[in-house]
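Visitor: Please find the sequence and the predicted model below.
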Amino acid sequence: MLTIEAKELTINWGNYLGFQAIRTIPPSRRIVVFATLFRGSDTNILNRSKMKIILLPYPVKLIGVFLVMSGTVFAVLYVWFGFSFSMPVFAVYSSFLETKMFVIFRTNFVDELILTLLVAGLILIMFSKEKIESENLNLVRFKAMVKAIIANNILILCSILFVYGSGFVAILVLNLFSLSVFYLCFFYFLKQREMSHPDMKLEKQGKLV
């Protein structure tokens, strides 16, 4: 009986295949067998690890939702109704008709307000707990972040190749919070899929926070 230990995880191959049975498998097919045996163990590895993800309390998520909704409302008013207001701002660096550093001047602050509300709100939503929290959600968060980074970089590459002029500038502005949007979309999609999985049942394993 062959036993392999990796950190805190011990895999007893005798539970799956005998050593002699493994030797009878052609070398070209052994990697498929090992991949099959490890399939589904990623959740156990993450749950048994010592890694802790520090998250904000669940009520902070509600604050984040309020900020995102407020930013969206201001964006609609700004784009479709020309809403604007000016206020003094402190700029470390400013380049309009002339370049200035460490200066105070008045400017239309609506676009800065919109971006601040959206970015801050999305960050609070991302890094706060769910109402029903589970250890398995840490794995979901990790998978969602990986997928979000890939999707966001694909968006950037496609924008570099196919979008020009002011449209590319708009993509750069969108990129300020596009990673957060991708992450949240993937997170709640993967969370819903894990909840529906008969072996996971996140909601039943979770606890109210």
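Guide: All right, it came through fine.
Visitor: going forward, measure contacts and count neighbours with C-alpha atoms only.
Guide: OK.
Visitor: Restrict stretch 158-170 to CA atoms and write it as PDB.
Guide: Extracted C-alpha coordinates of stretch 158-170, given in PDB (Å, rounded to 0.1, in the frame of the first residue of the first chain):
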ATOM      1  CA  CYS A 158      -8.200  43.700 -27.100                       C
ATOM      2  CA  SER A 159      -8.500  47.500 -26.300                       C
ATOM      3  CA  ILE A 160      -4.900  48.100 -27.200                       C
ATOM      4  CA  LEU A 161      -5.300  46.300 -30.600                       C
ATOM      5  CA  PHE A 162      -8.800  47.300 -31.600                       C
ATOM      6  CA  VAL A 163      -9.700  50.600 -29.900                       C
ATOM      7  CA  TYR A 164      -8.200  54.000 -30.600                       C
ATOM      8  CA  GLY A 165      -8.500  57.600 -29.700                       C
ATOM      9  CA  SER A 166     -11.000  58.800 -27.100                       C
ATOM     10  CA  GLY A 167     -12.500  55.300 -27.000                       C
ATOM     11  CA  PHE A 168      -9.200  53.900 -25.700                       C
ATOM     12  CA  VAL A 169      -9.100  56.600 -23.000                       C
ATOM     13  CA  ALA A 170     -12.600  55.600 -22.000                       C
END
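Visitor: which parts of the helix ranked longest in the chain are buried?
Guide: Counting residues, the longest helix found in the chain (DSSP state H) is helix 166-196. Across helix 166-196, burial judged by 16 or more other Cα atoms under 10 Å covers 168, 171, 175, 177-184, 186-187, 190-191, 194-195.
Visitor: three-state assignment of Met101?
Guide: At Met101 the chain is in strand, as set by DSSP: H, G, I helix; E, B strand; the rest coil.
Visitor: What sits closest to it if chain neighbours are left out?
Guide: Closest residue to Met101 apart from its sequence neighbours, by Cα to Cα, 6 or more residues apart in numbering: Tyr93 at 4.4 Å.
Visitor: Over to that neighbour: give its phi and psi.
Guide: Dihedral pair for Tyr93: phi -140, psi 130, per degrees, to the nearest 10.
Visitor: swap in Leu97?
Guide: Leu97 has phi and psi values of phi -70, psi -30 when expressed as degrees, to the nearest 10.
Visitor: Now for it, how many residues are close by?
Guide: Neighbourhood size, Leu97 [other Cα atoms under 10 Å]: 6.
Visitor: mind listing the strands in the chain by residue range?
Guide: Along the chain, counting by DSSP state E, strands occupy 3-6, 9-12, 86-95, 99-108, 132-133, 207-208.
Visitor: I am finished for the moment; much appreciated.
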